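Engineer: below: sequence and its predicted model.
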There are 2 protein chains.
Amino acid sequence: MTSNLLADLADLAEHLPAELFTTLLEAPNLRIERIVSHGHASPEGFWYDQDQHEWIVLLKGAARLRIAGEEQPVEMQPGSFVNIPAHARHRVEWTTPDEPTIWLAVHYQPLIQGS
Amino acid sequence: MTSNLLADLADLAEHLPAELFTTLLEAPNLRIERIVSHGHASPEGFWYDQDQHEWIVLLKGAARLRIAGEEQPVEMQPGSFVNIPAHARHRVEWTTPDEPTIWLAVHYQPLIQGS
């Protein structure tokens, strides 16, 4: 009944062909996801533009995130977290090639008020 | 705009007098919280009984969780996660005295359907 989001990392290939997305929990208003990157970045010119808010924490590795309209990129180390509102365009500029980077992403949306 | 949930650990006293609870994000249907324990356990005979579901992951340290009605305790290591439904009674039996134990707790509830 307990699982471990770091346990299967040793089984992963030295270099993942693509980022690995694993849903850990799904509820009507919520999705918790583990993302494993290993040197991956968003394709040139690609921006995420999501309908849900996303709260993200970096657990392992290192990454650089770019949020549209912000002058400076966000340098992320283990423990760094950031809240990305829905439709705030963002992209992953860089993840370290030295080790897997593990993210925990909480996708959520506000309650829709009854009219 | 970015914060780090591990950054202020060095400032914490060697031994916390009590567990430390910090809300990292609050939304109508969601609360993300960091909990720092250091050798703490739930008081003898005390059980959490919560109105919200709780998804919890251990980021650092070690802990043993007891869930009412389950024969075996849940041994938690870094990366271990568990989903505790609302009103599933549970208690922390033990956290390691050797270092701070860091938990990330996602408290959530299902959308309430309009009648």
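Structural biologist: Happy to help now that I have it.

Engineer: residues from chain A in reach of chain B?
Structural biologist: Residues of chain A lying close to chain B (Cβ under 8 Å from any Cβ of the partner chain) are A:1-7, A:24-25, A:27-30, A:32, A:53, A:55, A:57, A:59, A:70, A:74-83, A:104, A:106, A:108, A:110-112, A:114. C-beta coordinates here come from the backbone N, C-alpha and C atoms, glycine included.

Engineer: the helix or strand hosting residue A:102 to strand B:101-108, inter-axis angle?
Structural biologist: With the criterion set as DSSP states H and E, the secondary-structure element containing residue A:102 is strand A:101-108. When axes from the mean of the first three to the mean of the last three Cα atoms, to 10 degrees is applied, the directions of strand A:101-108 and strand B:101-108 differ by 30 degrees.

Engineer: what's in contact with strand A:101-108?
Structural biologist: A:5-6, A:9, A:29-38, A:50, A:52-63, A:95, B:25, B:27, B:29-30, B:32, B:57, B:104, B:106, B:108 (Cβ atoms under 8 Å, 6 or more residues apart in numbering or on different chains).

Engineer: who does it pair up with?
Structural biologist: Sheet neighbours of strand A:101-108, with direction, are listed as strand A:30-37 (antiparallel), strand A:53-60 (antiparallel) (DSSP bridges).

Engineer: comparing those strands, which comes out most buried?
Structural biologist: The highest mean neighbour count among these, using mean count of other Cβ atoms under 10 Å in any protein chain shown, belongs to strand A:53-60: a mean of 22.

Engineer: that one - what's its average pLDDT?
Structural biologist: Taken as a whole, strand A:53-60 has an average pLDDT of 96.

Engineer: so which elements touch the next helix or strand after it?
Structural biologist: Sequence order places strand A:63-67 as the next helix or strand after strand A:53-60, per DSSP H and E. In terms of contacts (3 or more Cβ pairs under 8 Å, 6 or more residues apart in numbering or on different chains; DSSP states H and E), strand A:63-67 is packed against strand A:74-76, strand A:90-95.
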